[in-house]
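Q: Model the structure of this input:
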Amino acid sequence: MASKQDFTAEEWTKLLESALAAGAAVSAADPSGLWGTFQEFLANSGALDSSKLDSDANELVRAVVVDFETEKGRSEVRKALHRRFDGATDPADCVQRSLDSLRGVSAILDAKAPSDARAFKVWLCGIGRKVAEAAVEGGFLGFGGERVSKAEAATLDDISRTLGITA
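A: So this is what the prediction gives:
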């Protein structure tokens, strides 16, 4: 099993960032307004929290989640996200930048943690799914919309392909 010590500081930050990049890609794919975006943010946070408590969670996943709880971990992620999204001009640009982040993490996992790679990638896909299902898209005041929009579903497919995970 891989641990934080198996990665450089930069690689570890990319692993931390990936947990938010998966959710950001889905959120940006079909912006949900203020309330929907807030619900999606909470879903991303909830996915991290539930992974920490899941006794079946992969050790590498748990290590990443635990590092989010430290001030240093949160600070590194904030800096990395600021660098990644600085100058982003529209939601499609945010989706692409998130997918680029996930592509890099996939390569890091395949090279440095092949025995943990699949579980970690499946976890990232799960975060994207939870974010997609967090807010009803379209409709009026939450009525008549759809749980996962076509744009979100397409982005979930893109995330899976980017990570090399088949549905």
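Q: quick one: average confidence on the helix or strand hosting A21?
A: Secondary structure from DSSP states H and E places A21 in helix 9-29. For helix 9-29, mean pLDDT rounds to 91.
Q: Locate D157 within the secondary structure: which element?
A: Per DSSP H and E: helix 150-163 holds D157.
Q: okay, which residue is most central for the protein?
A: For the chain, the residue nearest the mean C-alpha position is A22 (2.4 Å; Cα atoms, centre = their mean).
Q: For stretch 80-100, what is the distance to the chain centroid?
A: Centroid separation between stretch 80-100 and its chain, computed with Cα atoms, centre = their mean, to the nearest Å, is 13 Å.
Q: ignore the last one, stretch 50-66
A: Centre to centre, stretch against its chain (Cα atoms, centre = their mean), the figure for stretch 50-66 is 14 Å.
Q: Same question for stretch 18-25.
A: 2 Å.
Q: contact partners of it?
A: With contact meaning Cβ atoms under 8 Å, 6 or more residues apart in numbering, stretch 18-25 is reached by 40-41, 43-44, 47-48, 64-65, 68, 77, 81, 84-85, 94-95, 98-99, 101-102, 105, 124-125, 127-128, 130-131, 155, 158-159. Every residue, glycine included, has its C-beta placed from N, CA and C.
Q: Now, those residues that are in strands?
A: Assignment to strands by DSSP state E places none of these there.
Q: Who are the contact partners of D67?
A: By Cβ under 8 Å, 6+ apart, the contact set of D67 is 4, 12, 16, 73.
Q: ok, the last one - contacts?
A: With contact taken as Cβ under 8 Å, 6+ apart, G73 is in contact with 16, 67.
Q: and the gap between it and D56?
A: Using Cβ to Cβ, to the nearest Å, one gets 23 Å for the distance from G73 to D56.
Q: Take stretch 3-20, keep the C-alpha atoms, and write them as PDB.
A: Provided in PDB are the C-alpha atoms of stretch 3-20 (Å, rounded to 0.1, in the frame of the first residue of the first chain):
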ATOM      1  CA  SER A   3       1.500   6.200   1.600                       C
ATOM      2  CA  LYS A   4       2.400   9.900   1.600                       C
ATOM      3  CA  GLN A   5       6.100   9.000   1.800                       C
ATOM      4  CA  ASP A   6       6.000   7.400  -1.600                       C
ATOM      5  CA  PHE A   7       5.300  10.700  -3.300                       C
ATOM      6  CA  THR A   8       7.100  14.000  -3.700                       C
ATOM      7  CA  ALA A   9       5.600  17.000  -2.000                       C
ATOM      8  CA  GLU A  10       4.400  18.200  -5.500                       C
ATOM      9  CA  GLU A  11       2.800  14.800  -6.300                       C
ATOM     10  CA  TRP A  12       1.100  14.600  -3.000                       C
ATOM     11  CA  THR A  13      -0.400  18.100  -3.400                       C
ATOM     12  CA  LYS A  14      -1.700  16.900  -6.800                       C
ATOM     13  CA  LEU A  15      -3.400  13.900  -5.100                       C
ATOM     14  CA  LEU A  16      -5.000  16.300  -2.600                       C
ATOM     15  CA  GLU A  17      -6.100  18.600  -5.400                       C
ATOM     16  CA  SER A  18      -7.600  15.700  -7.400                       C
ATOM     17  CA  ALA A  19     -10.300  15.200  -4.800                       C
ATOM     18  CA  LEU A  20     -11.600  18.700  -5.400                       C
END
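Q: Good, wrapping up.
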